[in-house]
Each structure stands twice: as structure tokens, then as C-alpha cells.
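Novice: let me see the structure of the following:
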Amino acid sequence: MPSSSSQPTPSDDGAAAAPPRRTRTWLNLIGSIRIGQALITVVLVVIGTVRATIDGVPLPWTLAVSAIFLGWYGGGLLLGERTDDRRLASWWLLGLTLIWAGAVAISPEYIWLAFALWLLAGFVLPMRWAVVLSILILAGVIAAPVLHHGTTTYAYVIGPLVGGVFALGISRGYLELVRDGRERRRLIASLVSAQEEMSALQDELARTQRASGASAERTRVSRDIHDTVAQSASSIGMLSRSALESDADADRIRALEQIGALAAEALADARRIVNDLMPAELDGTALADALRRMLQRLTAETGIAATLHADDLPALGLDAEVALLRTAQSALANVRTHSGAALVVATLADAGDAVRLDIVDDGRGFDPSRLEAPGAGGGYGLRAMRARLRELGGGLDVESAQGDGTALSAYVPLGAGS
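Specialist: A predicted model of the protein is given here:
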């Protein structure tokens, strides 16, 4: 019963159904050792039977002893494939040893089978008991010639001693191979499990990144639409109403020209939003020049006096320029639509480690506490400005009161945005 718990078999634990090539080679080696052990036992039984028969032992006796030994041995192998009861394996080996002792009592030629018993002792028993049984078997091997022939030689002592040590060493080494193979399979199963878990985590991360990217893209598009296309549409609405209310053909023509320009600009902004390009106002120009043109347009369309004070600024990243430009667009759209102001003053200043944009009007003002309460009453533009600036490490401050105008201050740190 060499495949008991003291001699683990390659199929004991749940390794992968298709182990890698190196693992299969290892398992083949272990299986070859077990087959070799069984073949050695059969060969030794045949040798003992033939030599005992030649020495004059009746053939029925030798055949009966050989059949009993091989039957017990083969039964143990078959039983070992179905159970790993260590105590049962120990009793099986003890029974096989007693059968061997009976065979040696019939003929000393059966001492050859001691080699197979030494192998099995190392396989089945703990090391301590394997050594004890091996010593007892060695004593039987040495005593057999004396009991049968009345004498012995050094060969009958030194040969079995070397053979017993060799066999015991082989069996213990085999067990180490089996344990190493089991550990290899455990590690491979652990690696496969870790790889599957990593693959699942990567899939989850990819799904999260896709969802995050989609959310960021929706946020970008909604902000840009609010700051560009929506503002242009609002201005077109105001100009169309003023044109309808005016009796002068010149005012209507001017309003239609402005509506046409705003429509073309809105179309360009829509295309650039889809393609995620820089704002048309920054295309080939500086931020201060873009702000100045926006203020001039505000004056031309609404009559509100607008002034820009701009410092010489260090180089800004594109993201920072876009954020400040969109903030100015949204703020001026609020001035145009809600403030009723007569004067707007914009300041673009170098604040040392940041760039600050201040826009102040003398309009009717509002309650800033409503900014944090989204709803049908508006406030999306200011919340979008604040969110865009915070993404770059900047911020937005708003001061206003009913009848006292509005002051808006936006800032981004230098180096924010490539």
C-alpha cells in the first residue's frame, strides 16, 4: 500500500485539469518510480522462487509462497488507490513482512525480497518506525543463512546492510519528490487563481474607467455647450426680440448681422466641442486678446460699457486658458442676461503663483447662497465654472448682494494644465 497518506499520490489534491508541461513531467517521473518499484518486487519474487526451486524446495511450496506474497502486495497497491488510511497501510506492511518471514523460513533465497520491504518501509511508515522495521528485516536477512546452513559470510552481512540503507534512502527521497510535486501543484493552482482574480480585477477596472471616462466626457460636453452654444443661442434670442421691437431698419439689419455672426460662432463651437479642440477664441491668439474681443462684442450687442485690465502673464497651460476663457464667457452671459448692468470691468492679473480673473459689474446683484441649490431657478453656469476650476487646482469666489452688483473672482495655479 505505498500510496497511503505517508506517500501522497499525484491525484490527491485539486490541481488544474491540464497542468503545465513541467508539472506533467514531474508527475510522470513519480509514476515511473512507482512502476519501477512494483517491477523490482516482481523480479525479486521470480528470482527467489527460481533459486529456491533449484535448491530443492518443492515447486508447489515456492509457487504458493510467491502467489501469497504477490497477492498481498498487489492487493495493497489496489487498496492504496482507494484509501489513505495510514494505520491500515502500516498493518498491511506488517502482514507482508510476516509473509516474507515465512518465505525465508522455507528458503533463504527469499531474502532477496527484503529490498522491496525496505522500500515499502520508507514509503509507508514514519521515519522512526521505518528504521526499526528495517533493522528487524536486516536481522532476519543476516540470520537466515545461519539458520539454514549453519554459517554465513561477510557478503551476507555487508550486502544486505548497504542494500537496506540504499533502499530506505530511495524511498525517503521519493517521498520528498512527491511532496515537492504536491507543493508545485498547489503553487500553480494558486498562481492560476491569482491570475484569474487579476483578470477579473482588470476587467472591473476597465469597466470603471470606461464609466468614469463617459461621465467626464458628459461633464465636459455639458459645460462647453452651456458656455458656448447655449450662450450664443441666448444672445440670438435677445437680439431677435430687440429686432422685432425696433422700428428702425438699420437696427434690424445690425441685429440680423449679429445673429448671423453668433450662429456661425455657435456652429464652430459645436464642431470644436465634438472634436475636443481648443476654443475658437484662443485659436492662434492670447487669452487677453480673446477676453478683449468678448468684451467688445458685449458692448456692441448690449451697449454695456466694458473694460479690460490685463497684466503681462507667464505662459499658461491650454487647460488653464480654456478654463478662464469659459469662466469669462459664462460670467458675461450672466451679466448680459440677468444683471441689468451698465458697466463691466474685467481684470486679468498675475498673482505670483496663480493667474486671477476678476469680473465686476454694477448690476442688480443676487443672493449667492442659491448657487449651491441646483434646480429650475438656474445656477448651473456658476457651479460648472467652479467645478472646472477645481479640476485644475483653482477656485471661484463670488460676492454679490441685492442692488449692489456682482464681483466674480476665478484663479488657477501656474502650470495647471498642459
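Novice: what is the neighbour count of the nearest residue to T337 once chain neighbours are set aside?
Specialist: In space, T337 comes closest to S234 once its chain neighbours are excluded; the distance is 6.0 Å by C-beta to C-beta, 6 or more residues apart in numbering. Where you see a C-beta, it was placed from the backbone N, CA and C, and this is true even at glycine. By other C-beta atoms under 10 Å, 14 other residues sit near S234.
Novice: what residues are up against S234?
Specialist: Contacts of S234 were listed using C-beta atoms under 8 Å, 6 or more residues apart in numbering, and they are 333, 336-337.
Novice: quick one: it from L267, how far?
Specialist: 16 Å (C-beta to C-beta, to the nearest Å).
Novice: what is the helix or strand where P145 lies packed up against?
Specialist: Per DSSP states H and E, P145 falls inside helix 127-149. Applying 3 or more C-beta pairs under 8 Å, 6 or more residues apart in numbering; DSSP states H and E, one finds that helix 127-149 contacts helix 86-106, helix 114-124, helix 155-224.
Novice: below-threshold pLDDT in the stretch 301-418 of the chain: ranges please.
Specialist: Within the stretch 301-418 of the chain, the segments meeting pLDDT under 70 span 370-381, 416-418.
Novice: quick one: the helices in it?
Specialist: Ranges of helices in the stretch 301-418 of the chain, per DSSP state H, counting those that start in this stretch, are 318-334, 380-391.
Novice: ramachandran coordinates for the residue with the largest distance to the centre of the chain?
Specialist: In the chain, G150 marks the outermost C-alpha relative to the chain mean, sitting 75.4 Å out by C-alpha atoms, centre = their mean. Reported as degrees, to the nearest 10, the phi and psi values for G150 are phi 80, psi 0.
Novice: residue nearest the centroid of this protein?
Specialist: Nearest residue to the geometric centre of the chain (C-alpha atoms, centre = their mean): M198, 3.0 Å.
Novice: circling back: for T53, which of the helices of the stretch 301-418 of the chain is the nearest?
Specialist: In terms of C-beta to C-beta, the element of those nearest to T53 is helix 380-391, at 97.0 Å.
Novice: what is the closest one packed up against?
Specialist: helix 155-224, helix 318-334, strand 395-400, strand 406-413.
Novice: how about CSV for those, with distance to V132 added?
Specialist: Below are the helices and strands packed on helix 380-391 laid out as CSV (distance: least, C-beta to C-beta, whole Å):
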stretch, distance to V132
helix 155-224, 11
helix 318-334, 82
strand 395-400, 84
strand 406-413, 81
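Novice: out of these, flag the one nearest S242.
Specialist: helix 318-334 (16.4 Å).
Novice: give me the angle between the closest one and strand 395-400.
Specialist: On the basis of axes from the mean of the first three to the mean of the last three C-alpha atoms, to 10 degrees, helix 318-334 is oriented at 20 degrees to strand 395-400.
Novice: quick check: buried residues in helix 318-334?
Specialist: 319-334 (16 or more other C-beta atoms under 10 Å).
Novice: which helices and strands does it pack with?
Specialist: helix 230-245, helix 287-302, strand 343-350, strand 354-361, helix 380-391, strand 406-413.
Novice: neighbours around G403, how many?
Specialist: Using other C-beta under 10 Å, G403 is surrounded by 8 other residues.
Novice: can you give me phi and psi for it?
Specialist: Taking degrees, to the nearest 10 as the convention, G403 sits at phi 80, psi 10.
Novice: and for P108?
Specialist: The phi/psi pair for P108 (degrees, to the nearest 10) is phi -70, psi -10.
Novice: how far away is the closest residue to L348 other than its chain neighbours from L287?
Specialist: Of all residues not flanking L348 in the chain, A310 sits nearest, at 4.2 Å (C-beta to C-beta, 6+ apart). Noted for A310: a distance of 8 Å to L287, by C-beta to C-beta.
Novice: the two - which one has more neighbours?
Specialist: L287 (21 against 17).
Novice: that one contacts R326, correct?
Specialist: No - using C-beta atoms under 8 Å, L287 is not in contact with R326; the gap is 11.4 Å.
Novice: who wins for proximity to G95 among the helices and strands packed on helix 318-334?
Specialist: Closest to G95 of the helices and strands packed on helix 318-334 is helix 380-391 (C-beta to C-beta; 81.5 Å).
Novice: between helix 230-245 and the closest one, find me the angle.
Specialist: 150 degrees.
Novice: returning to what we had before: CSV for the contacts of S234, including distance to A167?
Specialist: CSV is the format used below for these (distance: C-beta to C-beta, whole Å):
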residue, distance to A167
A333, 95
R336, 101
T337, 100
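Novice: residues touching the residue nearest to L348, list them.
Specialist: The neighbours of A310, taking C-beta under 8 Å, 6+ apart as the test, are 288, 291-292, 347-349.
Novice: among these, which pair sits farthest apart?
Specialist: So, the contacts of A310 by C-beta to C-beta: farthest apart are R292 and A349, at 14.8 Å.
Novice: list the buried residues of the helix holding P145.
Specialist: For helix 127-149, a neighbour-count test (16+ other C-beta under 10 Å) marks 130, 133-134, 137-138, 140-141, 144-145, 148 as buried.
Novice: just give me the closest of the residues you listed to D397.
Specialist: When the buried residues of helix 127-149 are compared against D397 (criterion: C-beta to C-beta), the nearest one is A130, at 85.1 Å.
Novice: contact partners for the closest one?
Specialist: Counting by C-beta under 8 Å, 6+ apart, A130 touches 121-122, 124, 168, 171-172.
Novice: from those residues, keep the buried residues only.
Specialist: 121-122, 124, 168, 171.
Novice: kindly reformat those as JSON lines containing pLDDT and distance to L77.
Specialist: Output for the buried ones among the contacts of A130, formatted as JSON lines (pLDDT from 0 to 100; distance: C-beta to C-beta, whole Å):
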{"residue": "A121", "pLDDT": "78", "distance to L77": "16"}
{"residue": "G122", "pLDDT": "73", "distance to L77": "16"}
{"residue": "V124", "pLDDT": "76", "distance to L77": "12"}
{"residue": "L168", "pLDDT": "71", "distance to L77": "20"}
{"residue": "S171", "pLDDT": "70", "distance to L77": "15"}
